[in-house]
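Engineer: here is my input, please return the structure:
(2 chains)
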2 protein chains.
Amino acid sequence: MRKGCRDTPISSNSRLRIVLVEPRNPLNIGAVARAMSNFGFLDLRLVKPYEVAFREARSAVRSHYILESAQVFDNVQDAIADCTLVAGTTAVGHRDLHLPLYRLEPAAELIEERLASSGVALLFGSEKFGLTNEQMSFCDWLLRIPTREEHGSMNLGQAVAICLYELRRSSAAAAERFPPADPVSAADRDRITSLLLELLGRSGYVNERTAASTELKVRRLVRRLGVPAGDAETWLGIFRQILWKLSQTDSR
Amino acid sequence: MRKGCRDTPISSNSRLRIVLVEPRNPLNIGAVARAMSNFGFLDLRLVKPYEVAFREARSAVRSHYILESAQVFDNVQDAIADCTLVAGTTAVGHRDLHLPLYRLEPAAELIEERLASSGVALLFGSEKFGLTNEQMSFCDWLLRIPTREEHGSMNLGQAVAICLYELRRSSAAAAERFPPADPVSAADRDRITSLLLELLGRSGYVNERTAASTELKVRRLVRRLGVPAGDAETWLGIFRQILWKLSQTDSR
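Structural biologist: The predicted structure follows:
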């Protein structure tokens, strides 16, 4: 009966980071940890959790080993730095999200594929508001649990439990597929984005009035780009060289 | 994206009875009602609920319409009287259960089949002990969510949510993947390559001695890049702007 859990090597399970962004309710944090223990996932990360909630959750009796080792971050960027795929969750189907939106089932397959070789972050927004547009801009794509249109928003603990169940359920299928080329890490992608933004600033593509919206736009642009991991350094070198040339000519 | 929910006619949904046997925790009862609302199930039945818990759960803000119409029974027998299939849930794999034991996935298929024509009860035992042997004796068979052996027991609200999700998840949905973005045309890729080469020449990345090999290298680099078709113009615009800036400063 439990074969599905044993099919997936623990190394693959340990590559999934469950990232709760600004969680407020200690019971939800505890429920997430319990579901992680149920399905054999270990890596819980919290971005700016409500202090009291995290303390209360840690004092709860069950699944303490997952909460004990949970890491706390100041921002989404740092929490996902070691991941090559960042998937966000949303309850909303109609909003213009600027990102591909998958139903949970195919999304779980994509996550499983990537977990075979590298780290994946699964982001859950705050209980009240979900992920903000800014937080979503760090995501490669979004997934949606197929709830009813009239009542789409799920309880956080239940949403995490369903995602983990679906990941375990589909793991056997994903193992049978061919691994794709190593994708670039989120950290390298951020370095590419930063250099490109500097380049755009220097060349007058960005002006002060539109700087903020351009930053989001460029981050999405780079995220949509399929940079192979082995090419990241080359692209960084290219951008650095152009930047150096621009600074040379500026200072003449 | 929400097709899976609409696939099943509401009459079929309304034939599933979620039966909580002796639930103790008002938050769990509320969470069950919320998950039922999320996935479009209406018929909640409680067998000997802890009085205070049920009262507290009913006073919660969300999903009240499901709790308002919930029926309370004195025993399992009465709660399942109008059903032709009674499925119990268990976290335990090894106990001698005297009943067929299915994993959730095939169990959900059996339930779906029966729902097409008649009522099905899905029984969840108390948070602390699960279903007793006596309560199990009313079941046709048992199902088990594929949790880890070392920590099989799930939170009640999460267990119900996962069962309802699995029921909604239709096999057709699996095929319903979002189409991948249109890849860039070879012509646009060539334009990107040319502009990038010009940029590399101007910025001193390329020297005359290595020009030929660099051209090949850059062409391959761009070819390995997954540029979505819709982004080609943006990238061309970015490169043109940088090029313009470089030529401006050069001619000073």
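
Engineer: quick check: end-to-end length of stretch A:77-90?
Structural biologist: End-to-end span of stretch A:77-90 (CA to CA, to the nearest Å): 19 Å.

Engineer: what's the local residue count around A:T89?
Structural biologist: 22 (other CB atoms under 10 Å in any protein chain shown). Just so you know, the C-beta spots here come from the backbone N, C-alpha and C atoms, and that holds for glycine as well.

Engineer: who does it bridge with?
Structural biologist: A:L143 (DSSP bridges).

Engineer: please report how far A:E134 lies from chain B.
Structural biologist: In this view, A:E134 and chain B are 20 Å apart by CB to the nearest CB, to the nearest Å.

Engineer: pretty sure that residue sits in a strand.
Structural biologist: No. A:E134 is assigned helix when assessed by DSSP: H, G, I helix; E, B strand; the rest coil, not a strand.

Engineer: residue contacts, it?
Structural biologist: If you count contacts by CB atoms under 8 Å, 6 or more residues apart in numbering or on different chains, A:E134 has them with A:L216.

Engineer: can you give me the pLDDT of it?
Structural biologist: Per-residue pLDDT puts A:E134 at 91.

Engineer: and what of A:P180?
Structural biologist: According to the prediction, A:P180 has pLDDT 50.

Engineer: where does pLDDT dip in the stretch 51-200 of chain A?
Structural biologist: Scanning the stretch 51-200 of chain A for pLDDT under 70 picks out A:61-63, A:93-97, A:172-182.

Engineer: chain B contacts on that one?
Structural biologist: Proximity of the stretch 51-200 of chain A to chain B (CB under 8 Å from any CB of the partner chain) is limited to residues A:63, A:93, A:100-106, A:144-149, A:151-155, A:157-158, A:161-162, A:165-166, A:168-169, A:196, A:199-200.

Engineer: among those residues, the buried ones, what's the ChimeraX command?
Structural biologist: With 16 or more other CB atoms under 10 Å in any protein chain shown as the criterion, this ChimeraX line picks the buried residues out of these:
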select /A:63,93,100,101,102,103,104,105,106,144,145,146,147,148,151,152,153,154,155,157,158,161,162,165,166,168,169,196,199,200
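
Engineer: in strands, which of the residues of the stretch 51-200 of chain A next to chain B appear?
Structural biologist: The strands, defined by DSSP state E, take in A:101-103, A:144 from those.

Engineer: just grab the bridge partners of the closest residue to chain B within chain A for me.
Structural biologist: Closest residue of chain A to chain B, CB to the nearest CB: A:G226 (2.5 Å). Counting by DSSP bridges, A:G226 is bridged to B:G226.

Engineer: for A:T249, report the pLDDT, please.
Structural biologist: A:T249 carries a pLDDT value of 69.

Engineer: so who does the spatially most central residue of chain A touch?
Structural biologist: Against the mean C-alpha coordinate of chain A, by CA atoms, centre = their mean, the closest residue is A:V86 at 2.8 Å. Residues in contact with A:V86 (CB under 8 Å, 6+ apart) are A:80, A:120-121, A:123, A:138-140, A:186.

Engineer: how's chain A carved up into domains?
Structural biologist: Chain A breaks down by automatic domain parsing into domains covering A:3-175, A:186-250.
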